[in-house]
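Asks: mind looking at a prediction? Sequence and model below.
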Amino acid sequence: MRGGASTALLWLVVLLLVVLLWPDLVARFAPEAARAPAEPRAVEARGDLADDERATIEIFERVAPSVVYITTLQQVRDIWRRNAWEVERGSGSGFLWDEAGHAVTNFHVVAGADRVRVALGDGRALDARVIGASPEHDLAVLRLAQARELPPPLPLGESATLKVGQKVFAIGNPFGLDRTLTTGIISALDRSISGPDGPTINNLIQTDAAINPGNSGGPLIDSAGRLIGINTAIYSPSGASAGIGFAVPADIVNRVVPQLIRDGRIVRPTLGIETDDRYSREAERRLGVRGLLVLGVTRGSGAAAAGLRPTGIDAFGNLVYGDVIEAVDGKPVRSRLDLLDALEGRAPGDVVVLTVWRDGARIPVEVSLSPPR
């Protein structure tokens, strides 16, 4: 009895296993003809793209060929073996400015590079050299070698009429992934940021379009496909996009780039004064007035003609504070960089109105700007 029971139990186990494994056994060992027929599914017609999709595609196809991929190289020397070779230092984005072979990018993309290579959308890689730079605007101009049959330069827009909420597009090479399109809106205007190794950059456009390392120097485009800014920085603890990017406005770009092409640097007019932020802060503590303390006045300058008073020493050896400039055309100035920003876009001969603290009173003083010396 005991042997019969064991046999019955064994057959019961086998039967259960067959029932459980039967679908797999059939799928594995059944002939092909016995399997269910399987064909690719029919593709449903998509229909027309939405209007905003078509507009985005058109903008990218029109603008992308004018966006370039920039690689910077640095020469490394082995002083013992007297060998030298080049290594890649960094990368970024840029765009074609004109038909003469000029490209624009950020200053920080090409700063310190021994050689610059520019890759075009058609696969060509051209050598380029930096012909002008403005660190305070984070802008640089490159001149491409053998600049023949280039794509058209980007259409230029204006930034003075931009509105928060306006749709924008960013094209660049984040993490080396060339000609990447991201979209967003203008989040804010007139932002100022300062880098750890550079000056404060003012009047920036803030956008939530994804900006990542490698996007620097690439264009920010409006819905008409026009350049309205140059992507320059992101705000992110991790170094990746956090929805807060910044761009240099097109109006500043259009003012600065021609000067860089022509002179290689920014040439600003001057008031004709000498000042130092350290002494201005000391005057603020002693006088309770925030502004720029005039330490000296240049002979023959607009400041001299306007009668600005410098700081000096009286007959008894006492320090006599001069004028303190609190504002230029109503714009407060607290430092030398503030003064440079207030004179941005001015030309020699332009007249500005200073708000000057003198002998306990605030007075307006008109000054004609002087050429740089």
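Replies: Thanks, I have it. Numbers count the residues shown, from 1 in each chain.
Asks: got a pLDDT number for the residue nearest the centre of the chain?
Replies: What sits nearest the mean C-alpha location of the chain, by C-alpha atoms, centre = their mean, is residue 232, with 1.1 Å. In this model, residue 232 is scored at 87, pLDDT.
Asks: element containing it, please.
Replies: Using DSSP states H and E, residue 232 sits in strand 227-234.
Asks: so what does that strand touch, helix or strand wise?
Replies: Contacts defined by 3 or more C-beta pairs under 8 Å, 6 or more residues apart in numbering; DSSP states H and E place strand 227-234 against strand 167-172, strand 200-207, strand 219-222, strand 245-249, helix 250-263. Yep, even glycine has a C-beta here, placed from its N, CA and C like the rest.
Asks: OK, contacts around the residue nearest to the centre of the chain?
Replies: Contact partners of residue 232, counting by C-beta atoms under 8 Å, 6 or more residues apart in numbering, are 106, 108, 138, 201, 204, 216, 217, 246, 247, 248.
Asks: and those residues, which is closest to residue 286?
Replies: Of all these, residue 201 has the smallest distance to residue 286: 31.8 Å, by C-beta to C-beta.
Asks: and the closest one, how close does it get to residue 194?
Replies: Computed as C-beta to C-beta, to the nearest Å, the residue 201 to residue 194 distance reads 7 Å.
Asks: please apply the same query to residue 149.
Replies: As defined by C-beta to C-beta, residue 149 lies at a distance of 41 Å from residue 194.
Asks: between those two, which is the more surrounded one?
Replies: More crowded of residue 149 and residue 194, by other C-beta atoms under 10 Å: residue 194, with 12 against 8.
Asks: can you list the weak-confidence ranges in the chain?
Replies: Within the chain, the stretches with pLDDT under 70 are 1-5, 18-19, 21-36, 75-89, 195-199, 234-242, 373.
Asks: quickly list the domain ranges of it.
Replies: 61-144, 167-263, 273-368 (automatic domain parsing).
Asks: please, where are all the strands along the stretch 51-200 of the chain?
Replies: Assigned by DSSP state E, counting those that start in this stretch, the strands in the stretch 51-200 of the chain fall at 67-78, 83-96, 102-105, 115-119, 125-134, 139-144, 167-172, 180-194, 200-207.
Asks: can you redo those as a markdown table with distance to residue 267?
Replies: A markdown table is the format used below for these (distance: least, C-beta to C-beta, whole Å):
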| stretch | distance to residue 267 |
| --- | --- |
| strand 67-78 | 26 |
| strand 83-96 | 23 |
| strand 102-105 | 18 |
| strand 115-119 | 24 |
| strand 125-134 | 11 |
| strand 139-144 | 14 |
| strand 167-172 | 30 |
| strand 180-194 | 23 |
| strand 200-207 | 19 |
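Asks: next, format the domains of the chain as JSON lines and append distance to residue 6.
Replies: Listed next are those as JSON lines, based on distance: least, C-beta to C-beta, whole Å:
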{"stretch": "domain 61-144", "distance to residue 6": "75"}
{"stretch": "domain 167-263", "distance to residue 6": "67"}
{"stretch": "domain 273-368", "distance to residue 6": "96"}
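Asks: any idea which of those gets closest to residue 43?
Replies: Nearest to residue 43 among those is domain 61-144 (24.6 Å), distances taken as C-beta to C-beta.
Asks: the closest one: how far from the chain's middle?
Replies: Relative to its parent chain, domain 61-144 has a centroid offset of 15 Å by C-alpha atoms, centre = their mean, to the nearest Å.
Asks: what of stretch 278-295?
Replies: That offset, for stretch 278-295, works out to 34 Å (C-alpha atoms, centre = their mean).
Asks: mind checking how far the closest residue to residue 220 other than its chain neighbours is from residue 102?
Replies: Excluding its sequence neighbours, the residue lying closest to residue 220 (C-beta to C-beta, 6 or more residues apart in numbering) is residue 229, at 3.8 Å. Per C-beta to C-beta, residue 229 is found 18 Å from residue 102.
Asks: what of residue 148?
Replies: According to C-beta to C-beta, residue 148 and residue 102 sit 14 Å apart.
Asks: repeat for residue 319
Replies: Residue 319 is 51 Å from residue 102, by C-beta to C-beta.
Asks: who's more crowded, those two?
Replies: Taking neighbours as other C-beta under 10 Å, residue 319 and residue 102 compare with residue 102 leading, 21 against 11.
Asks: doesn't residue 261 make contact with the more buried one?
Replies: Yes. If you go by C-beta atoms under 8 Å, residue 102 and residue 261 touch, sitting 6.1 Å apart.
Asks: which one of the strands of the stretch 51-200 of the chain lies closest to residue 348?
Replies: Once the strands of the stretch 51-200 of the chain are compared by C-beta to C-beta, strand 125-134 is nearest, at 18.4 Å.
Asks: output the contacting helices and strands for the closest one.
Replies: Using 3+ C-beta pairs under 8 Å, 6+ apart as the contact test, the elements touching strand 125-134 are helix 107-110, strand 115-119, strand 139-144, helix 250-263.
Asks: give me the angle between that strand and strand 139-144.
Replies: Interaxial angle, strand 125-134 versus strand 139-144 (axes from the mean of the first three to the mean of the last three C-alpha atoms, to 10 degrees): 150 degrees.
Asks: count of neighbours near residue 143?
Replies: With other C-beta under 10 Å as criterion, residue 143 counts 17.
Asks: closest one to residue 119 out of the contacts of residue 232, please.
Replies: Looking across the contacts of residue 232 and measuring by C-beta to C-beta, the closest to residue 119 is residue 217, at 13.0 Å.
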